[in-house]
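Chemist: sequence and computational prediction follow.
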2 protein chains.
Amino acid sequence: MPLTALPPLDETARSILDAASKRFLHYGYGKTTMSEIAGDCNMSTGNLYRYFPSKLDIAEAFVRQLRGEQILRLREVVSRPGLSTPEKLRTFFKTKLKLVYDRFHSRPKAYELSQEILKERLSFAEEWESAEALVICEILEGGEMTGDLAICNRARVARILQDAFFRFTSSAVYYEGDYDVLVGELDELMDLILDGFAYRTYHHNQ
Amino acid sequence: MPLTALPPLDETARSILDAASKRFLHYGYGKTTMSEIAGDCNMSTGNLYRYFPSKLDIAEAFVRQLRGEQILRLREVVSRPGLSTPEKLRTFFKTKLKLVYDRFHSRPKAYELSQEILKERLSFAEEWESAEALVICEILEGGEMTGDLAICNRARVARILQDAFFRFTSSAVYYEGDYDVLVGELDELMDLILDGFAYRTYHHNQ
DNA sequence: TGATTGAACACTTTTGAAAGCATTCACGTT
DNA sequence: AACGTGAATGCTTTCAAAAGTGTTCAATCA
């Protein structure tokens, strides 16, 4: 089972999640009450707890959806035909920057909710990082097969790449930075790192 | 004038800053009042404003001191004899990680105050980043002269390096991470980036 | 005249009581 | 037996009054 999969939801749970999602998006987590969600679903508050252990778990399911879509999108852009492995890595991180940046600016409530959950549920944050690392690993694996890259420890390198591009996917930066400047810097850092891989491949092949 | 220099303070201003520093360190910014500072200096609250425009400016002067010490230390470790340029870069970022990590764990109030000021006074944060970038630039310059490195645009590269190691100097990480793990990852990222430089030097020299 | 004062002002934080909320559970309903 | 209810519970948030604090300034001092 991929880490990003949602446990399948029955119809009632689905309608609860949908109703909650709408309110979360419009009013935010704090301004949404359990009885409002229950009202939207024509049921009582108590019954919500038959389907979700707590309000925070509803929010987690919501964020899990968002994140699922995000990783789907990342997989998609990265698997487009005709991309070399270096281009895939570049596309991966540029797309991630764009996704986070857009969410932050155009859906602030969703962004805020994401942050709250990630702070509260550290294990979810780690799970999410692992899911992304997996995609990066797959890119690296592809690079090895085509001879584009020589990587000893894929998982380790994936982690290092996540570290290296942390600034571009961390929220701190969105208050200050202009998007184009960020993309420019990301590009240059990627150039440097790809040169690093090139160097290693060269010395490995000798 | 180096960017990190404090404007020279007369005796009265000095005693205000010293008294405030002690209270900031023990009780934090919020729990320190202007009349307490004035009391420590045997003067009235009103008189403080002849020497500092506001409470926040006292705090900024305090943080400016801390930061000044930090950059002094960075310059020191980096200018030790017998270090190659790559080793200097590695030492720079490892030392910075250590300094921030230590401050966070052993002087939480000072750390917290730093964060508050940096949030409030964006220009100070930028000034600080520039001051660090300058040190990196100097390292890169040294590398060019000794032929260790071939760098076209030093300032640009310095900025990219700051981006790349952002995770290791951003506070977010200190809640989760074990120090040794962080150092390990920093080392690996530095290896990769130095390989990138090596690649460029090689192709440049050809 | 330059340095200092402390009362006055406006703004923020604290306080604690009232209201609101997430969660539970004993009790229907199907 | 599975599904659903809504009042009861204990915790959290809200809100207005009170206390506290940063800042100013007319008056005082050296």
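Modeler: Noted; the coordinates are in hand.

Chemist: avg pLDDT for stretch A:134-154?
Modeler: Within the predicted structure, the mean pLDDT of stretch A:134-154 is 85.

Chemist: roughly how far is that stretch from the heart of the chain?
Modeler: The chain centroid and the centroid of stretch A:134-154 are separated by 20 Å, computed with Cα atoms, centre = their mean, to the nearest Å.

Chemist: which residues of chain A lie near DNA strand D?
Modeler: Residues of chain A lying close to DNA strand D (Cβ under 7 Å from any atom of the strand) are A:12, A:30, A:42, A:43, A:44, A:45, A:46, A:47, A:50. In this view, the C-beta of every residue, glycine as well, is placed from N, C-alpha and C.

Chemist: the second one in helix, strand or coil?
Modeler: Same thing as residue A:30. Local secondary structure at residue A:30 is given as coil here, using DSSP: H, G, I helix; E, B strand; the rest coil.

Chemist: that one and DNA strand C, how far apart?
Modeler: Per Cβ to the nearest atom of the strand, to the nearest Å, residue A:30 is found 8 Å from DNA strand C.

Chemist: how many neighbours does that residue have?
Modeler: As a burial measure, residue A:30 scores 10 neighbours (other Cβ atoms under 10 Å in any protein chain shown).

Chemist: then the one 10 residues further on?
Modeler: The local packing of residue A:40 (other Cβ under 10 Å) involves 16 other residues.

Chemist: contacting residues for it?
Modeler: Each residue near residue A:40 by Cβ atoms under 8 Å, 6 or more residues apart in numbering or on different chains is listed here: A:19, A:22, A:23.

Chemist: tell me which of those is nearest to DNA strand C?
Modeler: Nearest to DNA strand C out of those is residue A:23 (Cβ to the nearest atom of the strand; 9.9 Å).

Chemist: what sits against that closest one?
Modeler: Counting by Cβ under 8 Å, 6+ apart, the residues that residue A:23 touches are A:31, A:32, A:36, A:37, A:40.

Chemist: work out for me the element it sits within.
Modeler: Using DSSP states H and E, residue A:23 sits within helix A:11-27.

Chemist: swap in residue A:103?
Modeler: Element membership of residue A:103 [criterion: DSSP H and E] is helix A:85-106.

Chemist: check whether the next helix or strand after that helix contacts DNA strand C.
Modeler: Using DSSP H and E, the helix or strand that follows helix A:85-106 towards the C-terminus is helix A:108-120. No: Helix A:108-120 stays out of contact with DNA strand C when judged by Cβ under 7 Å from any atom of the strand, the minimum separation being 11.0 Å.

Chemist: one step back: possible to save the contacts of residue A:23 as JSON lines with pLDDT?
Modeler: Compiled in JSON lines, those are given as follows (pLDDT from 0 to 100):
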{"residue": "A:31", "pLDDT": "94"}
{"residue": "A:32", "pLDDT": "96"}
{"residue": "A:36", "pLDDT": "97"}
{"residue": "A:37", "pLDDT": "97"}
{"residue": "A:40", "pLDDT": "96"}
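
Chemist: could you pick out the buried ones from the residues you listed?
Modeler: For the contacts of residue A:23, a neighbour count by 16 or more other Cβ atoms under 10 Å in any protein chain shown gives the buried set as A:32, A:37, A:40.

Chemist: buried stuff in the longest helix that chain A contains?
Modeler: Under DSSP state H, the helix in chain A containing the largest number of residues is helix A:179-205. Neighbour-count burial for helix A:179-205 flags A:182-183, A:185-186, A:188-190, A:192-201 (criterion: 16+ other Cβ under 10 Å).

Chemist: next: stretch A:128-142.
Modeler: Of the residues in stretch A:128-142, those with enough neighbours to count as buried (16+ other Cβ under 10 Å) are A:128, A:131, A:132, A:133, A:134, A:135, A:136, A:137, A:138, A:139, A:140, A:142.

Chemist: picking up where we left off before, looking at the buried ones among the contacts of residue A:23, spot the one nearest DNA strand C.
Modeler: Among these, and counting by Cβ to the nearest atom of the strand, the member closest to DNA strand C is residue A:32, at 6.3 Å.

Chemist: who's in contact with that closest one?
Modeler: Residues near residue A:32 by Cβ under 8 Å, 6+ apart: A:20, A:23, A:24.

Chemist: mind putting the residues you listed into CSV with distance to residue A:69 and pLDDT?
Modeler: Converted to CSV, these look like this (distance: Cβ to Cβ, whole Å; pLDDT from 0 to 100):
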residue, distance to residue A:69, pLDDT
A:20, 17, 97
A:23, 19, 96
A:24, 15, 96
